[in-house]
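Participant: from the sequence below, what's the structure:
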Amino acid sequence: MKLTIVFAGLLGVFLTPALASTDINIGGNSNSGISGQQSVSVNNEHNVANVDNNNGWDSWNALWDYNTDLAAVRLFGKKKCIVHRMNKDAMPSLQTLDKLVKEKKLQGEGQGGPPPKGLRYSINPEEVNDLSKLGKPIASMCRGIPTYMAEEIKGASLFFYGSHCYDVNALWLLNFSYCGKVIEG
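Facilitator: Here you go, the predicted structure:
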């Protein structure tokens, strides 16, 4: 009996860090290259990463769901949620992101580090009716606000949406541009 209790206690001590969330705050000063304050949380148990950008009306929240390979950004000032497939060639794996967070490699990089990868998306103007097909984390984040799907734009068509885009710069790693008429209002 005592051996079982000791084993269960040791298992909990060693397993908890692997399943726990890791948090870090970055940005916030005028030389950081990021407006506002950003924080990232990595939850290995649920395979999601959450990035918050707190900057008044330009605040947003991004959720990267590695179980569904979907990403979503909730634009607070626009009162809209945009969902798209994750580009695995550009976006870091959950393990890489978790490692960067734990090693505090996202702090202080700013404009001195390598340039962020740029991704541009065209937003489908048709509102998503059934949020449940997006997975529980994204459905919970987008519940109650208009939600739209977006497709990545590659190649020469990048210049087509120049005036109707909303840019999200995440962690000095990625620059997302969400383009389409739904961003105007």
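
Participant: quick check: longest strand of the protein.
Facilitator: strand 117-127 (DSSP state E).

Participant: next structured bit after that strand?
Facilitator: Remark: after strand 117-127, the chain's next helix or strand is helix 136-142, criterion DSSP states H and E.

Participant: could you export the following helix or strand past that next one as CSV, CA atoms only?
Facilitator: With elements assigned by DSSP H and E, the helix or strand that comes after helix 136-142 is strand 147-153. Extracted as CSV, the C-alpha positions of strand 147-153 are listed here (Å, rounded to 0.1, in the frame of the first residue of the first chain):
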residue,chain,number,x,y,z
THR,A,147,-16.9,34.0,-37.0
TYR,A,148,-15.4,33.6,-40.5
MET,A,149,-13.1,31.1,-42.2
ALA,A,150,-10.0,32.3,-44.1
GLU,A,151,-7.8,30.7,-46.7
GLU,A,152,-4.1,31.4,-47.0
ILE,A,153,-3.1,33.5,-50.1
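
Participant: hmm, back to that, direction included, what does the longest strand of the chain pair up with?
Facilitator: Looking at strand 117-127 with DSSP bridges, its partner strands are strand 147-153 (antiparallel), strand 174-179 (parallel).

Participant: list the buried residues in stretch 96-104.
Facilitator: Counting neighbours by 16 or more other C-beta atoms under 10 Å, one finds that the buried residues in stretch 96-104 are 97, 98, 100, 101. (Glycine included, C-beta is placed from N, CA and C.)

Participant: kindly report the same for stretch 69-84.
Facilitator: For stretch 69-84, by 16+ other C-beta under 10 Å, it's 70-76, 78, 80-84.

Participant: same question for stretch 83-90.
Facilitator: Result for stretch 83-90 [16+ other C-beta under 10 Å]: buried residues 83, 84, 86, 87.

Participant: not counting sequence-adjacent ones, nearest residue to residue 121?
Facilitator: Leaving aside its sequence neighbours, residue 121 sits nearest to residue 150 (C-beta to C-beta, 6 or more residues apart in numbering; 3.8 Å).

Participant: residue 177 is in contact with that neighbour, correct?
Facilitator: No. Look at residue 150 against residue 177 with C-beta atoms under 8 Å: they stay out of range, at 10.0 Å.

Participant: what sits in contact with each of those two?
Facilitator: residue 121 (C-beta atoms under 8 Å, 6 or more residues apart in numbering).
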